[in-house]
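Q: fold the following for me, if possible:
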Amino acid sequence: DSELLDIDTTGSGQVCNTFGINKHFPILQELYDEGDALFLANTGILAKPVTKYDNWMKESRVQLFAHNHMTREAQFLDPYEKNPGTGVGGRMLDILKRNGYQTSANAVDTNARMLTGDSFWANPIWTVSSQTLPTLDPHSSLGPSVSVFDDIVKKLNGVSESDDSKMSETWSAMVAKSLSEHEYSQEIEYAIKSGEFDVPYKKKTRFDYRLFSIARYMASRNLRKVDREFYHVTTGGFDHHGGKDLSEFLPDVNLSLKLFVNELKRQELWDDTVILIASEFGRSITPNSGKGTDHGWAGNYAVVGGALDGGKIMGKYPDDLTEHSDLWVRRGRMIPTTPWESFWNGVAQWMGVRGDNDLDFVLPNRKSFDKCTLFTDRDLFTSGDLPHNTCNIADADGDGVRDAIDQCPDTAYW
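A: Numbering: from 1, shown residues only. Predicted coordinates for the structure are as follows:
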């Protein structure tokens with residue numbers, strides 16, 4: 001009984017023509033064979049391309065192998081802090097909103113750093129809760145004569161006076177904004193729970209409830225007047241230092257994803273949705289003394305969606321998994337060769353971001369990598385417009401405009 005499900009990677013330019021998926025995650029094999037899934041090989045956080053012969057620890061610009069630091073940087077993708085505190089999804093939505101799209105950033109039961117945009121645009125992050133949103137108590141503890149407490153709060157934090165301080169102005173603005181967003185979220189929740197946007201969904205695990213909440217929220221997109229949006233959802237339990245078997249966890253995730261995919265198809269949203277399944281880092285190749293694995297660096301991740309040009313592996317899987325590899329550091333932690341910028345570059349284009357200036361805003365560290373390594377929307381999606389960035393095409397820089405700068409390699413651009 002094989003522990004792996006075979007996938008054919010012929011034509012992906014990999015070291016092998018057959019790779020394997022954990023047998024407890026068959027939905028990935030099904031979607032891959034249907035052309036609705038692809039994999040990202042040896043992918044991770046990079047500030048610049050490095051090998052083990054470089055000062056990779058210093059040049060990574062992040063505290064490697066630590067959950068909190070790697071999670072934060074995977075969501076920010078801004079190692080040189082050109083737009084500190086903002087996330088890749090938030091910046092993408094900023095550009096899309098500026099370009100006329102109706103956007104929404106949605107966090108499911110978590111504080112999603114990747115959805116934080118530039119303060120100039122002040123785009124809110126909406127809470128998509130798998131539980132009922134808390135209701136603010138409208139009554140005051142000051143007594144029955146003060147019965148509508150939130151009206152008083154709004155009045156106190158309304159029009160400012162000439163002698164108000166900057167601190168009080170900032171506080172009032174935040175309170176007013178929070179109240180407004182809470183009221184809007186409750187209106188959406190009431191509409192969803194009224195049954196208007198209910199979805200036929202069997203829920204067993206906590207992750208089921210989270211994906212169910214997303215499915216209902218997506219069904220309300222016309223009410224919310226949204227045509228571009230991000231969702232951020234997490235699940236845990238995979239930090240297997242002690243040698244836990246993935247068979248304890250993957251079957252539930254597999255079923256949850258299968259139900260969610262079926263619901264997106266029922267809503268006719270499958271071709272308009274892309275789902276990235278990823279972690280903050282991969283795992284070490286060699287086991288530890290507890291027969292488990294420790295925090296790594298590069299990982300191999302799955303992308304699923306109806307518009308994908310799937311059935312392939314993007315990036316380059318290492319051709320040497322021994323200590324002799326230029327990418328092997330510290331007990332089989334592999335240095336990434338595909339930066340996260342490669343993937344998000346193609347997604348940003350597919351979502352509607354065009355031109356180097358806007359793409360550089362979304363991905364501030366994009367110029368640290370050879371453009372020919374950045375995926376375009378056509379690399380990832382069947383409906384992509386921009387061809388792959390090679391020197392054999394008319395639009396080499398992928399900005400949608402054929403001009404003199406595309407004449408590579410004999411220009412300063414290249």
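Q: so for stretch 215-230, first residue to last residue, what's the gap.
A: 13 Å (CA to CA, to the nearest Å).
Q: same check, this time on stretch 270-277
A: 16 Å.
Q: now do it: distance to the chain's middle.
A: 11 Å (CA atoms, centre = their mean, to the nearest Å).
Q: quick one: buried residues of it?
A: For stretch 270-277, the neighbour count (16 or more other CB atoms under 10 Å) marks 270-275 as buried. Where C-beta positions appear, they are placed from N, C-alpha and C, glycine not excepted.
Q: who touches it?
A: Applying CB atoms under 8 Å, 6 or more residues apart in numbering, the external contacts of stretch 270-277 come out as 36, 257, 261, 264, 301-308, 343, 347, 350, 380-381.
Q: any weak-confidence spans in the stretch 51-200 of the chain?
A: 133, 136-163 (pLDDT under 70).
Q: on that earlier part again, tell me which of the contacts of stretch 270-277 fall in strands.
A: Among the contacts of stretch 270-277, the members falling in strands (DSSP state E) are 301-304.
Q: where along this structure do the strands fall?
A: Going by DSSP E, the chain shows strands at 4-8, 18-22, 37-44, 103-108, 125-128, 228-232, 275-277, 299-304, 313-315, 328-329, 333-334, 338-339.
Q: switch those strands over to TSV; also include distance to residue 243.
A: Shown next, in TSV, are these (distance: least, CB to CB, whole Å):
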stretch	distance to residue 243
strand 4-8	19
strand 18-22	15
strand 37-44	23
strand 103-108	30
strand 125-128	35
strand 228-232	30
strand 275-277	23
strand 299-304	19
strand 313-315	28
strand 328-329	22
strand 333-334	18
strand 338-339	28
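Q: among these, which is nearest residue 198?
A: When the strands of the chain are compared by CB to CB, strand 125-128 sits nearest residue 198, at 15.2 Å.
Q: just checking: what are the partner strands of the closest one?
A: Paired with strand 125-128 in the same sheet, following DSSP bridges, are strand 103-108 (parallel).
Q: the partner strand vs strand 228-232, what angle?
A: Strand 103-108 runs at 20 degrees relative to strand 228-232, counting by axes from the mean of the first three to the mean of the last three CA atoms, to 10 degrees.
Q: residues in contact with strand 103-108: which ones?
A: Here strand 103-108 has contacts from 89-90, 93, 96-97, 112, 115, 117, 123-130, 210, 213-214, 217, 224, 226-234, using CB under 8 Å, 6+ apart.
Q: one more time with 6 Å, if that's ok
A: 93, 96-97, 115, 125-126, 128, 210, 226, 228-233 (CB atoms under 6 Å, 6 or more residues apart in numbering).
Q: repeat for stretch 313-328
A: Under CB under 6 Å, 6+ apart, the answer for stretch 313-328 is 9, 12, 14-15, 38-43, 51-52, 334-335, 337-338.
Q: how far does it stretch from one end to the other?
A: End-to-end span of stretch 313-328 (CA to CA): 21 Å.
Q: re earlier: put together TSV for the buried residues of stretch 270-277, with distance to residue 78 on each row.
A: TSV is the format used below for the buried residues of stretch 270-277 (distance: CB to CB, whole Å):
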residue	distance to residue 78
270	31
271	31
272	28
273	26
274	22
275	23
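Q: of all these, which two lie farthest apart?
A: 271 and 275 (12.6 Å).
Q: most neighbours of all the ones in strands among the contacts of stretch 270-277, which one?
A: Comparing the ones in strands among the contacts of stretch 270-277 by number of neighbours (other CB atoms under 10 Å), residue 304 comes first, having 25 neighbours.
Q: narrow the contacts of stretch 313-328 to just the buried residues.
A: The buried subset of the contacts of stretch 313-328 - by 16+ other CB under 10 Å - is 9, 12, 14, 38-43, 334-335, 337-338.
Q: which one of the contacts of stretch 313-328 sits closest to residue 356?
A: Nearest to residue 356, judged by CB to CB, of the contacts of stretch 313-328 is residue 338 at 20.5 Å.
Q: so the closest one touches residue 43, yeah?
A: Yes - contact status for residue 338 versus residue 43: in contact at 4.3 Å, counting by CB atoms under 6 Å.
Q: where exactly do the helices run in the stretch 1-150 of the chain?
A: 26-33, 56-59, 67-76, 88-98, 149-156 (DSSP state H, counting those that start in this stretch).
Q: elements contacting the third one?
A: Based on contacts counted as 3 or more CB pairs under 6 Å, 6 or more residues apart in numbering; DSSP states H and E, there is no element that helix 67-76 packs against.
Q: the same query, at a cut-off of 10 Å, please.
A: strand 37-44, helix 88-98, helix 340-351 (3 or more CB pairs under 10 Å, 6 or more residues apart in numbering; DSSP states H and E).
Q: least confident pick among the contacts of stretch 313-328?
A: Checked by pLDDT, those have residue 12 as the lowest-scoring entry (92).
Q: so what's that one up against?
A: Shown in contact with residue 12 (CB atoms under 10 Å, 6 or more residues apart in numbering): 19, 38-39, 41, 311-317.
Q: rerun at 7 Å
A: In this structure, residue 12 makes contact with 312-313, judged by CB atoms under 7 Å, 6 or more residues apart in numbering.
Q: possible to save the helices and strands packed on helix 67-76 as TSV with distance to residue 29?
A: Below are the helices and strands packed on helix 67-76 laid out as TSV (distance: least, CB to CB, whole Å):
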stretch	distance to residue 29
strand 37-44	8
helix 88-98	28
helix 340-351	21
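Q: relative to residue 203, which of these is closest?
A: The nearest among these, by CB to CB, is strand 37-44 at 23.9 Å.
Q: beta partners for the residue lying closest to residue 282 once chain neighbours are set aside?
A: Leaving out its chain neighbours, the residue that sits closest to residue 282 by CB to CB, 6 or more residues apart in numbering is residue 299, at 3.0 Å. Using DSSP bridges, the bridge partners assigned to residue 299 are residue 43.
Q: from residue 307, how far off is residue 104?
A: Separation of residue 104 from residue 307 (CB to CB, to the nearest Å): 19 Å.
Q: of these two, who's got more company?
A: residue 104 (22 against 18).
Q: residue 308 is in contact with residue 379, isn't it?
A: No - applying CB atoms under 7 Å, one finds residue 308 not in contact with residue 379, separated by 10.3 Å.
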